[in-house]
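In: Next input, structure requested:
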Amino acid sequence: MPKLGSSGLQTGERVTFDFAEIAAVIALLAEWFPKTFFVYERRRKPLKLRIDMDLQTVLDGAITPSELHRALRVYCRVARRALSLPTKKTTPSRSWLR
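Out: Numbers count the residues shown, from 1 in each chain. Sure thing, here's the model as predicted:
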């Protein structure tokens, strides 16, 4: 019997994403909830915990739970990376080196 991890996948099995599908779900979320979701990665902010439950209730089956889960997983990963990148506002001035 193969070993299954907590996600239900076999140990060592890789998850593949259809990034076109994920981009479409994120675009749809950004259209329906423009103050919360952003297509442009640098504008993304952290989301509320368990927002997927709220979204499933509001969307009422327009997006399947698995599509929503995959899209939120990618969205949050990109948002976390975008927050860690320096911006012009946070980059220290080097004028003191002159």
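In: CA atoms for contacts and neighbours, from now on please.
Out: OK.
In: Low-confidence bits of the protein, can you list those?
Out: 1-17, 78-98 (pLDDT under 70).
In: So which other helices or strands are in contact with the helix or strand containing Ile26?
Out: Using DSSP states H and E, Ile26 maps to helix 19-32. The helices and strands touching helix 19-32, judged by 3 or more CA pairs under 8 Å, 6 or more residues apart in numbering; DSSP states H and E, are helix 65-84.
In: what's around Asp52, how many residues?
Out: Residues near Asp52, counting by other CA atoms under 10 Å, number 15.
In: Revised request: answer the last question for Arg77.
Out: Neighbour count of Arg77, defined by other CA under 10 Å: 12.
In: What distance do you get for it to Asp60?
Out: Counting by CA to CA, to the nearest Å, the separation of Arg77 from Asp60 is 25 Å.
In: Lys45 too?
Out: Applying CA to CA to Lys45 and Asp60 gives a distance of 24 Å.
In: Then Phe37?
Out: Using CA to CA, one gets 18 Å for the distance from Phe37 to Asp60.
In: Repeat that for Glu67.
Out: As judged by CA to CA, Glu67 and Asp60 stand 13 Å apart.
In: Who has more neighbours out of those two?
Out: Using other CA under 10 Å, the more surrounded residue of Glu67 and Asp60 is Glu67, with 15 against 9.
In: That one and Val25 touch, don't they?
Out: Yes - using CA atoms under 8 Å, Glu67 is in contact with Val25, at 7.4 Å.
In: Pro34 - how many residues pack around it?
Out: Neighbours of Pro34 under the rule other CA under 10 Å: 12.
In: My impression was that it belongs to a strand - is that right?
Out: No - counting by DSSP: H, G, I helix; E, B strand; the rest coil, Pro34 is located in no strand; its state is coil.
In: Quick one: residues contacting Ile22.
Out: Contacts for Ile22 (CA atoms under 8 Å, 6 or more residues apart in numbering) come out as Glu67, Arg70, Ala71, Val74.
In: Closest one to Leu29 out of those residues, please.
Out: Using CA to CA, Ala71 comes nearest to Leu29 of the contacts of Ile22, at 9.6 Å.
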